[in-house]
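> give me coordinates for this.
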Amino acid sequence: MSGTIRIRKIGSIIGRPEKHRKVMESLGLRKMGQERVLPDNPAVRGMIKKVPHLVQVLEE
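Alright, predicted model coming up:
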């Protein structure tokens with residue numbers, strides 16, 4: 001694994017459970033299409049696993 005992972009928001013949080021909203025906020029994704037480069041660690045991977053339908057993992 002590399003040291004970072006790049007993710008993009010592809011789904012809306014409107015009508016989603018509060019847990020999904022908090023995960024997206026923790027990942028730092030607010031607007032549609034927004035991308036973030038985050039450290040590739042188990043905590044971030046776990047958050048991505050909670051909302052795979054809302055984010056896209058981009059190859060870094």
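> let me see the contact set for Pro39.
3-5 (Cβ atoms under 8 Å, 6 or more residues apart in numbering). In short, each C-beta sits where N, CA and C put it, glycine included.
> who does it bridge with?
As for beta bridges, Pro39 partners with Thr4 under DSSP bridges.
> make a markdown table from the contacts of Pro39 and add neighbour count to it.
Shown next, in a markdown table, are those (neighbours: other Cβ atoms under 10 Å):
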| residue | neighbour count |
| --- | --- |
| Gly3 | 9 |
| Thr4 | 13 |
| Ile5 | 19 |
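> quick check, nearest of the residues you listed to Lys50?
Nearest to Lys50 among the contacts of Pro39: Ile5, at 14.8 Å, using Cβ to Cβ.
> can you tell me which residues contact the closest one?
37-40, 44-45, 48, 57, 60.
> for Leu38, see how far away it is.
Going from Ile5 to Leu38 by Cβ to Cβ, to the nearest Å gives 6 Å.
> what is in contact with those two at once?
Common neighbours of Ile5 and Leu38 (Cβ under 8 Å, 6+ apart) are Val44.
> could you list the low-pLDDT ranges of this structure?
Filtered on pLDDT under 70, the chain yields the residue ranges 1-2, 60.
> now do the strands in it.
Along the chain, the segments classed as strands by DSSP state E run 4-9, 35-39, 55-58.
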